[in-house]
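Student: Requesting a structural model of the entry that follows:
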Amino acid sequence: MYYDFMLNSGDSACLSILMLLAKEPSHKAKRESISEKLGLTNYHLNKYLVIMNEDLATVSENEPSFIDETTKGTFVGHNITTFINQKNLSIVLTAIKFISCL
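Tutor: Predicted coordinates for the structure are as follows:
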């Protein structure tokens, strides 16, 4: 069953950004490209970058995972893997299932 329609727009955007970075072999994506693909403003990208880094710090296991923009205009995921995305998605879906049972 698909629960992604139950995510708010911010959670959905964060998950989409993580997926975009995880799919790239270099784990890099241009800010402009992300903005165009997802219809996000720079304000929202900055906001979601903070949120994603907080979430990644929570789910990181052995090595810290984070996203930075040391080169202006390019997001780089460090230790971003499909595993982390699946783990985040699993946590979100578990929470949604729990909430829908209330």
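Student: Could you give the average pLDDT over stretch 81-101?
Tutor: The average pLDDT for stretch 81-101 rounds to 59.
Student: now swap in stretch 57-69 and tell me
Tutor: 83.
Student: Extract the C-alpha set from it and format it as CSV.
Tutor: Provided in CSV are the C-alpha atoms of stretch 57-69 (Å, rounded to 0.1, in the frame of the first residue of the first chain):
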residue,chain,number,x,y,z
ALA,A,57,22.1,13.0,12.1
THR,A,58,19.3,11.0,13.8
VAL,A,59,19.4,8.0,11.5
SER,A,60,23.2,7.9,10.8
GLU,A,61,24.8,4.8,12.2
ASN,A,62,28.6,4.3,11.9
GLU,A,63,29.5,7.3,9.7
PRO,A,64,27.8,10.7,9.9
SER,A,65,25.5,11.5,7.0
PHE,A,66,24.8,15.0,5.9
ILE,A,67,24.2,17.2,2.9
ASP,A,68,26.2,20.3,2.3
GLU,A,69,26.7,23.1,-0.2
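Student: and Leu21, what does it touch?
Tutor: By Cβ atoms under 8 Å, 6 or more residues apart in numbering, the contact list for Leu21 reads 27-29, 67, 75-77, 80. All C-beta spots, glycine's among them, are computed from the backbone N, C-alpha and C.
Student: repeat that for 10 Å
Tutor: Contact analysis of Leu21 by Cβ atoms under 10 Å, 6 or more residues apart in numbering lists 27-29, 34, 52, 67, 75-78, 80, 85.
Student: need these in JSON lines with neighbour count, distance to Leu45 and secondary structure, can you?
Tutor: Shown next, in JSON lines, are these (neighbours: other Cβ atoms under 10 Å; distance: Cβ to Cβ, whole Å; DSSP: H, G, I helix; E, B strand; the rest coil):
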{"residue": "His27", "neighbour count": "17", "distance to Leu45": "16", "secondary structure": "coil"}
{"residue": "Lys28", "neighbour count": "14", "distance to Leu45": "15", "secondary structure": "strand"}
{"residue": "Ala29", "neighbour count": "19", "distance to Leu45": "11", "secondary structure": "strand"}
{"residue": "Ile34", "neighbour count": "20", "distance to Leu45": "7", "secondary structure": "helix"}
{"residue": "Met52", "neighbour count": "23", "distance to Leu45": "10", "secondary structure": "helix"}
{"residue": "Ile67", "neighbour count": "20", "distance to Leu45": "11", "secondary structure": "strand"}
{"residue": "Phe75", "neighbour count": "24", "distance to Leu45": "8", "secondary structure": "strand"}
{"residue": "Val76", "neighbour count": "17", "distance to Leu45": "14", "secondary structure": "strand"}
{"residue": "Gly77", "neighbour count": "23", "distance to Leu45": "14", "secondary structure": "strand"}
{"residue": "His78", "neighbour count": "14", "distance to Leu45": "17", "secondary structure": "strand"}
{"residue": "Ile80", "neighbour count": "22", "distance to Leu45": "16", "secondary structure": "coil"}
{"residue": "Asn85", "neighbour count": "17", "distance to Leu45": "18", "secondary structure": "helix"}
